[in-house]
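Asker: Let me see the structure of the following:
(2 chains)
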2 protein chains.
Amino acid sequence: MKIGLDIMGGDYAPRAIIDGAVDSLMHLSGDDKLVLIGDQQEIYSRLNETGTDPSFFDIVHTTQVIEMGDIPSKAYSQKPDSSIAVGYRLLKEGIIDGFCSAGNTGAMLVGASYTVNVIPGVFRPALATVLPVLNNRNAVILDVGLNPDTKPDVLLQYGLLGTLFARYVLEIENPVVKLLNIGEEESKGTPAIKAAYELLKGHPGINFMGNFEANDMFGEKTPDVIVCDGFVGNIVLKQTEAIFNIYKARNLNDTYLERLDFENIGGTPIVGINANVVIGHGISGRKAIMNMVLQTLAVVHVDLAQKIKEAI
Amino acid sequence: MKIGLDIMGGDYAPRAIIDGAVDSLMHLSGDDKLVLIGDQQEIYSRLNETGTDPSFFDIVHTTQVIEMGDIPSKAYSQKPDSSIAVGYRLLKEGIIDGFCSAGNTGAMLVGASYTVNVIPGVFRPALATVLPVLNNRNAVILDVGLNPDTKPDVLLQYGLLGTLFARYVLEIENPVVKLLNIGEEESKGTPAIKAAYELLKGHPGINFMGNFEANDMFGEKTPDVIVCDGFVGNIVLKQTEAIFNIYKARNLNDTYLERLDFENIGGTPIVGINANVVIGHGISGRKAIMNMVLQTLAVVHVDLAQKIKEAI
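Answerer: I've put the predicted structure just below:
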């Protein structure tokens, strides 16, 4: 499989991105190859500094950069030779099997919608993040920020997208799905949440087990798939980052809390589009980049986009 | 000041409530008195068992109990001699200056609306909780569950209610107010959040400093007052409980994380009604009850309800 990596995107690009790419080499199987997309002089120079043979990678030279502060849709169309636009083009042409970037998130979303497109039948794509749970479990939570105001039928579909993510990426045969709510009773929540509950309850393809409260987050009662709108999911994800910040600020030492480091998770797949794309945190260092690449590989190896296409 | 305490409300009532009342005695000043409201036989019996002189308390005998599973509005009207209904009556008549209960939350809210009433000019009362922040700070977050779907003018008023809470209860002269959002930029969030941003920005009585993301929760960037709708606030509060659950599950030892124990916070004031009322967690043990009583005393000593009445 070929994974495209945007070398120019992220606060510490290109150096940390290239270093992360080098670190990920040892985790690739013989059939996998990383395609570095960006300024080739930067790439060769850094690989040389780190004593890495460039032939381990495919390299695609680009001449433009979408900056973190650029207006996404404008930059995407006005910079056709940017690493992000080129990455999406390679993806669309089937030259790469997955693409990841820690660059301008908005531009990554523009490319997702305009170049690879939403899968027919998907109402809204979502950002789906792996959430580390106690006792070595992982859950998936979606949406974590793409759609802040979500309708019931979209939440229902998140239940389905999340089920597919958990089944193929987390390897949980029959994942438990719950709706994040402010009480366990069916009658709780906003009108949209209550309507979503009814829809989820009746869907034969979703192992829906009802509502779930945030005090059960990270513990036994945490389902394999947490469904919520993008506003709430974003708050939950970021508050999880805040937990890791406390952990650091207090100089604690704990193997579980260590797992909450976003650098160990690496990236957030966009689910519901016609290709496997993963978005990284702007502040990604080399470790986060390595894990973003591995997250992309995981999604590509099971071809999550194709699995969703078949199921929708 | 006289603080009414519902002895019959909570999963561990009446025993844990009475024990918590006894524990709080040592923190009362000479002018303060606790009024125990509930079955007097239970009260005398437990005080006797703990070797506590009943004359330290006022005791108001009641014959009915609103159970945790009762339908709030129905139970409130059909059980006029319940500890919750009697507590609200005493409050309305000025016999007590504050009232707290770990009992049926819905019934406590019914009493708040129907017996003591909303302050004229307040659109929606809110639940305002103290949130422990690193470096020995405290913030207040509202709403944490009363109004899951909140309009912009209500969010604006939360900014004002929170400012008064922070000024008088947390003793922060000019509290910083921020809006919990999914990005720092003014353009982020749902239409309601964006509209609330505009309203907050223009209000002369609110020291509004813009949006605030959940990854900055608990740290330096956490404002004194966090404004959000009741759905999001409830998730944040409960996820904070989940952090404490991790702390316990992992057998960690840390003075800050210890502060996140809801038992150390005790109760959540209802702000925006004509009296000082505090709601406790159903699972409150004696320590939580003691802190709920102290939280009520704090609110009563500054007469937060009166301060809000004057400011609205």
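Asker: can we go C-alpha only for contacts and neighbour counts from here?
Answerer: Fine.
Asker: and the strand or helix carrying residue A:130 with chain B, contact?
Answerer: Using DSSP states H and E, residue A:130 falls within strand A:126-133. No: under the criterion of CA under 8 Å from any CA of the partner chain, chain B is not reached by strand A:126-133; the shortest gap measures 9.8 Å.
Asker: and for the helix or strand just after that strand, what are the contacting residues?
Answerer: Past strand A:126-133, further along toward the C-terminus, the next helix or strand under DSSP H and E is strand A:137-142. With contacts defined as CA atoms under 8 Å, 6 or more residues apart in numbering or on different chains, strand A:137-142 is touched by A:126-133, A:158, A:162, A:165-166, A:170, A:222-230, A:233.
Asker: Following the chain past strand A:137-142, name the next helix or strand.
Answerer: As assigned by DSSP H and E, the chain's next helix or strand after strand A:137-142 is helix A:152-168.
Asker: What angle do strand A:137-142 and that following helix make with each other?
Answerer: For helix A:152-168 against strand A:137-142, the angle by axes from the mean of the first three to the mean of the last three CA atoms, to 10 degrees is 150 degrees.
Asker: Could you give the separation of the helix or strand following helix A:152-168 from the chain centroid?
Answerer: Later in the chain than helix A:152-168, the nearest helix or strand by DSSP H and E is strand A:176-180. Put simply, strand A:176-180 sits 19 Å off its chain's centre (CA atoms, centre = their mean, to the nearest Å).
Asker: so what does strand A:176-180 touch, helix or strand wise?
Answerer: helix A:152-168, strand A:207-212, strand A:225-227 (3 or more CA pairs under 8 Å, 6 or more residues apart in numbering or on different chains; DSSP states H and E).
Asker: how big is the angle separating the following helix or strand past the shortest one from strand A:137-142?
Answerer: The one in question is strand A:225-227. Using DSSP H and E, the helix or strand that directly follows strand A:225-227 along the chain is helix A:230-249. Here helix A:230-249 runs at an angle of 140 degrees relative to strand A:137-142 (the same axes, to 10 degrees).
Asker: Need the contact partners of helix A:230-249.
Answerer: A:126, A:141-150, A:253, A:257-258, A:260-262, B:134, B:181-182, B:189-190, B:213-219, B:232, B:235-236, B:239, B:243.
Asker: So for the helix or strand following it, what gets flagged as buried?
Answerer: Next in sequence after helix A:230-249, counting helices and strands by DSSP H and E, comes helix A:255-259. Along helix A:255-259, these residues count as buried under the neighbour rule (16 or more other CA atoms under 10 Å in any protein chain shown): A:257-259.
Asker: tell me what helix A:255-259 is packed against?
Answerer: Helix A:255-259 is packed against helix A:230-249, with contacts defined by 3+ CA pairs under 8 Å, 6+ apart.
Asker: how far is the helix it packs on from where the chain is centred?
Answerer: Centre-to-centre, helix A:230-249 and its host chain are 16 Å apart (CA atoms, centre = their mean).
Asker: could I get the buried residues of helix A:255-259 as TSV with distance to residue B:85?
Answerer: Shown next, in TSV, are the buried residues of helix A:255-259 (distance: CA to CA, whole Å):
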residue	distance to residue B:85
A:257	45
A:258	49
A:259	48
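Asker: The stretch 201-312 of chain A against chain B: which residues are in contact?
Answerer: Within the stretch 201-312 of chain A, the positions near chain B by CA under 8 Å from any CA are A:213-219, A:231-232, A:234-236, A:238-243, A:246, A:250, A:254, A:256.
Asker: Just the buried residues of those.
Answerer: By 16+ other CA under 10 Å, these give A:213-219, A:231-232, A:234-236, A:238-243, A:246 as buried.
Asker: Quick check: nearest residue in space to residue A:72, chain neighbours excluded?
Answerer: residue A:107 (4.3 Å; CA to CA, 6 or more residues apart in numbering or on different chains).
Asker: which residues touch the one you found?
Answerer: Neighbouring residues of residue A:107 by CA under 8 Å, 6+ apart: A:66, A:71-73, A:75-76, A:84.
Asker: again, only using 10 Å
Answerer: Applying CA atoms under 10 Å, 6 or more residues apart in numbering or on different chains to residue A:107 gives the contacts A:66-68, A:70-77, A:84-85, A:113.
Asker: can I assume it sits in a strand?
Answerer: No: assigned with DSSP: H, G, I helix; E, B strand; the rest coil, residue A:107 falls outside any strand and is helix.
Asker: State the distance from it to residue A:165.
Answerer: 24 Å (CA to CA, to the nearest Å).
Asker: ok so, going back, could the helices and strands packed on strand A:176-180 be laid out in JSON lines, adding distance to residue B:94?
Answerer: As requested, those are exported to JSON lines (distance: least, CA to CA, whole Å):
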{"stretch": "helix A:152-168", "distance to residue B:94": "47"}
{"stretch": "strand A:207-212", "distance to residue B:94": "40"}
{"stretch": "strand A:225-227", "distance to residue B:94": "47"}
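Asker: which one of the ones you listed has the most crowded surroundings?
Answerer: Most buried of these, by mean neighbour count (mean count of other CA atoms under 10 Å in any protein chain shown): strand A:225-227, with a mean of 30.
Asker: can you tell me the helix or strand for the most centrally placed residue in chain A?
Answerer: By CA atoms, centre = their mean, chain A has its centre lying nearest to residue A:268, at 1.3 Å. For residue A:268, the host element (DSSP H and E) is strand A:267-271.
Asker: which other helices and strands contact that strand?
Answerer: Secondary-structure packing of strand A:267-271 (3 or more CA pairs under 10 Å, 6 or more residues apart in numbering or on different chains; DSSP states H and E): strand A:98-101, strand A:126-133, strand A:137-142, helix A:152-168, strand A:276-280, helix A:286-301, helix A:304-311.
Asker: Tabulate these (JSON lines), appending distance to residue A:23 and mean pLDDT.
Answerer: What follows is these, written out as JSON lines (distance: least, CA to CA, whole Å; pLDDT from 0 to 100):
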{"stretch": "strand A:98-101", "distance to residue A:23": "16", "mean pLDDT": "98"}
{"stretch": "strand A:126-133", "distance to residue A:23": "21", "mean pLDDT": "97"}
{"stretch": "strand A:137-142", "distance to residue A:23": "24", "mean pLDDT": "98"}
{"stretch": "helix A:152-168", "distance to residue A:23": "25", "mean pLDDT": "98"}
{"stretch": "strand A:276-280", "distance to residue A:23": "16", "mean pLDDT": "97"}
{"stretch": "helix A:286-301", "distance to residue A:23": "6", "mean pLDDT": "97"}
{"stretch": "helix A:304-311", "distance to residue A:23": "24", "mean pLDDT": "97"}
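Asker: Nearest to residue B:282, out of these?
Answerer: With respect to residue B:282, and counting by CA to CA, the nearest of those is strand A:126-133 at 25.8 Å.
Asker: export stretch A:108-122 as CSV, just CAs?
Answerer: Taking Å, rounded to 0.1, in the frame of the first residue of the first chain, the C-alpha atoms of stretch A:108-122 are listed here in CSV:
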residue,chain,number,x,y,z
MET,A,108,-7.9,18.9,4.1
LEU,A,109,-11.7,18.9,4.4
VAL,A,110,-12.1,20.9,1.2
GLY,A,111,-10.1,18.3,-0.6
ALA,A,112,-12.1,15.5,0.9
SER,A,113,-15.4,17.1,-0.3
TYR,A,114,-14.3,18.4,-3.7
THR,A,115,-11.6,16.0,-4.9
VAL,A,116,-12.4,12.6,-3.5
ASN,A,117,-16.1,13.4,-2.7
VAL,A,118,-18.6,12.1,-0.2
ILE,A,119,-19.7,8.5,-0.6
PRO,A,120,-23.2,8.5,-2.2
GLY,A,121,-25.8,7.9,0.6
VAL,A,122,-23.6,9.4,3.3
